[in-house]
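>>> Turn this into a structure:
(2 chains)
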2 protein chains.
Amino acid sequence: MIENMPSFSRLVSEFNRLPGIGYKTATRLAYHILKSPTEIVENMAQSLVDVKEYVGQCTQCFSYTEGSVLCRVCSDDHRDKHVLCVVEDPWDIITMENSGIFRGQYHVLHGVISPLDGISPKDLKIDELMSRVELSRQSEATEIKELIFALDADLEGDTTILYLAKLLKDKGVSVTRIAHGVPVGGDIDYVDHRTLGRALENRVNI
Amino acid sequence: MIENMPSFSRLVSEFNRLPGIGYKTATRLAYHILKSPTEIVENMAQSLVDVKEYVGQCTQCFSYTEGSVLCRVCSDDHRDKHVLCVVEDPWDIITMENSGIFRGQYHVLHGVISPLDGISPKDLKIDELMSRVELSRQSEATEIKELIFALDADLEGDTTILYLAKLLKDKGVSVTRIAHGVPVGGDIDYVDHRTLGRALENRVNI
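This next block holds a predicted model:
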């Protein structure tokens, strides 16, 4: 039945492109669209176009923002301007904000160094990070004193941190990364050996 | 972050409307859209609009069709015109066709009688079914001799079948329904008591 309806099967493949949506789910979604009132479907199509038109990147931290040049965090005067948390993508900011612990500002790299995927330092917001650090020195009130890396503890994350730590050496900025170890409430029996190795290596005095 | 981006949060709610897509998945999908190239997003929006514009209902069986008045099954001369399978919605036709056993034609009711949901016989394609049966009598070649009901074995499905069986009485059409019972390959231990009851009731001679 689907083969004979080109616009239906095109919609199925469009849904199928989305992460976590397989062919069968895509077909069910497309079928739901077919049953929905035209007005609702047109609203959905408009939302897709609108989000690309109205949402842009914050000119300071490169997270997403709508209707203003700076994002909510960057334009908030109550945030600590001396501490910068460096993340891979804007999604990570939502996770960090939900924890409610971090009160500084962010910088989004939009990726990590990954030679296998052809992603080199120049594809990331690294130059922008360096000039942001440099620029912050102009006044004591805005000076960035610490950079916290909240990147994944994999090969690409580690490479990116090493690369940036080298660039930031002798710049007078303290460079740290979030701790990796056994999750709180987690059972040691179920922790993989690399995580346990990292937990042992980074043990803290009590 | 989301609260400050109205078009982003509208897209999240649009995705959230879709069946099986919760708030968290909707946010991830909307975020994926934000990262995708504008051209791909515009194609997706266009597909949504197109499917509503180009896909219509078959004038004979009320399944979906595109670019022609009759659907693929109705316009196929090799299908048995004497047997009609009555289903709840077009999706059921895909399931029936995938089994590869049925060679007759279909009739889509677009719902089942459900007083609790305010769905009465006049909301369904029942008048259309009756006139289709009547019309088929004009020639021996097209006469509908059997109606097979492939509806769910729940209260609404049973009500619909009883209602239609009464209407079709004395019309000279044989009325049947697909068998409900223990699934092939299924374990009797895991079958619910209503299914088992139905399997016992409808036992067949060997």
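>>> what's the span of stretch A:121-129, first residue to last?
Chord length of stretch A:121-129, first to last residue, is 12 Å (Cα to Cα, to the nearest Å).
>>> Mind listing what's buried along it?
Buried positions in stretch A:121-129, judged by neighbour count with 16 or more other Cβ atoms under 10 Å in any protein chain shown: A:Leu124, A:Lys125, A:Ile126, A:Glu128, A:Leu129. In this view, the C-beta of every residue, glycine as well, is placed from N, C-alpha and C.
>>> A:Leu147 is in contact with A:Val175, correct?
Yes. If you go by Cβ atoms under 8 Å, A:Val175 and A:Leu147 touch, sitting 5.1 Å apart.
>>> For those two, list the residues in contact with both.
Common neighbours of A:Val175 and A:Leu147 (criterion: Cβ atoms under 8 Å, 6 or more residues apart in numbering or on different chains): A:Leu164, A:Leu168.
>>> coming back round to it: could I get the buried residues of stretch A:121-129 in JSON lines, plus columns for distance to B:Arg103?
As requested, the buried residues of stretch A:121-129 are exported to JSON lines (distance: Cβ to Cβ, whole Å):
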{"residue": "A:Leu124", "distance to B:Arg103": "59"}
{"residue": "A:Lys125", "distance to B:Arg103": "61"}
{"residue": "A:Ile126", "distance to B:Arg103": "64"}
{"residue": "A:Glu128", "distance to B:Arg103": "65"}
{"residue": "A:Leu129", "distance to B:Arg103": "66"}
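>>> what pLDDT, on average, does whatever helix or strand A:Glu39 lives in get?
Using DSSP states H and E, A:Glu39 maps to helix A:38-54. The average pLDDT for helix A:38-54 rounds to 95.
>>> Can it be said to contact chain B?
Yes. Against chain B, helix A:38-54 shows contacts by Cβ under 8 Å from any Cβ of the partner chain at A:38, A:40-54.
>>> which two in the residues you listed are spaced the farthest apart?
Maximum pairwise distance among these (Cβ to Cβ): 23.6 Å, between A:Thr38 and A:Tyr54.
>>> more neighbours, the two?
A:Tyr54 (15 against 10; other Cβ atoms under 10 Å in any protein chain shown).
>>> now that one, nearest residue through space, not along the chain?
Spatial nearest neighbour of A:Tyr54, excluding adjacent residues (Cβ to Cβ, 6 or more residues apart in numbering or on different chains): B:Ser7 at 4.5 Å.
>>> check contacts around that neighbour.
If you count contacts by Cβ under 8 Å, 6+ apart, B:Ser7 has them with A:Ser47, A:Asp50, A:Val51, A:Glu53, A:Tyr54, A:Val55, A:Glu66.
>>> burial of the fourth one, as a residue count?
A:Glu53: 12 surrounding residues under other Cβ under 10 Å.
>>> That one and A:Thr59: what is the separation?
With the distance defined as Cβ to Cβ, to the nearest Å, A:Glu53 ends up 18 Å from A:Thr59.
>>> again with the first one
As for A:Ser47, its distance to A:Thr59 is 25 Å (criterion: Cβ to Cβ).
>>> Give the buried residues for stretch A:7-25.
A:Ser7, A:Phe8, A:Ser9, A:Arg10, A:Leu11, A:Val12, A:Glu14, A:Phe15, A:Asn16, A:Leu18, A:Ile21, A:Thr25.
>>> Would you agree the third one is in contact with A:Phe15?
Which is A:Ser9. No. Look at A:Ser9 against A:Phe15 with Cβ under 8 Å: they stay out of range, at 10.8 Å.
>>> Can you point out the buried residues in stretch A:51-63?
Quick answer for stretch A:51-63 (16+ other Cβ under 10 Å): A:Val51, A:Lys52, A:Val55, A:Gln57, A:Cys58, A:Gln60, A:Cys61, A:Phe62, A:Ser63.
>>> What of stretch A:176-191?
Neighbour-count burial for stretch A:176-191, with 16+ other Cβ under 10 Å as criterion, is recorded at A:Arg177, A:His180, A:Gly181, A:Val191.
>>> quick one: which of those sit in helices?
Judged by DSSP state H, these include no members of helices.
>>> Run through chain A and note the low-pLDDT ranges.
For chain A, the stretches with pLDDT under 70 are A:1-2.
>>> Break it down into its domains, please.
Domains of chain A are assigned by automatic domain parsing as A:2-56, A:64-177.
>>> Tell me which of the ones you listed sits most buried.
domain A:2-56 (a mean of 17; mean count of other Cβ atoms under 10 Å in any protein chain shown).
>>> B:Glu53 is in contact with A:Phe8, correct?
No. A:Phe8 lies out of contact with B:Glu53 (Cβ under 8 Å); the separation is 11.5 Å.
>>> what sits against the residue nearest to A:His82 when sequence neighbours are not counted?
Distances taken as Cβ to Cβ, 6+ apart place A:Lys145 nearest to A:His82, at 4.5 Å, with adjacent residues excluded. Going by Cβ under 8 Å, 6+ apart, A:Lys145 touches A:His82, A:Val83, A:Val173, A:Ser174.
>>> Tell me which residue is most central in chain A.
By Cα atoms, centre = their mean, the mean C-alpha position of chain A lies nearest to A:Asp89, the distance being 1.7 Å.
>>> now the strands: where do they sit in chain A?
Under the criterion DSSP state E, strands of chain A are mapped to A:55-57, A:64-66, A:80-87, A:104-108, A:146-149, A:174-177.
>>> Dump those to a markdown table, plus distance to B:Ser114.
Shown next, in a markdown table, are those (distance: least, Cβ to Cβ, whole Å):
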| stretch | distance to B:Ser114 |
| --- | --- |
| strand A:55-57 | 42 |
| strand A:64-66 | 42 |
| strand A:80-87 | 50 |
| strand A:104-108 | 50 |
| strand A:146-149 | 57 |
| strand A:174-177 | 58 |
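>>> who's in contact with the nearest residue to A:Leu48 once chain neighbours are set aside?
Nearest residue to A:Leu48, sequence neighbours excluded (Cβ to Cβ, 6+ apart): B:Ala45, at 4.3 Å. B:Ala45 makes contact with A:Ala45, A:Gln46, A:Leu48, A:Val49 under the criterion Cβ under 8 Å, 6+ apart.
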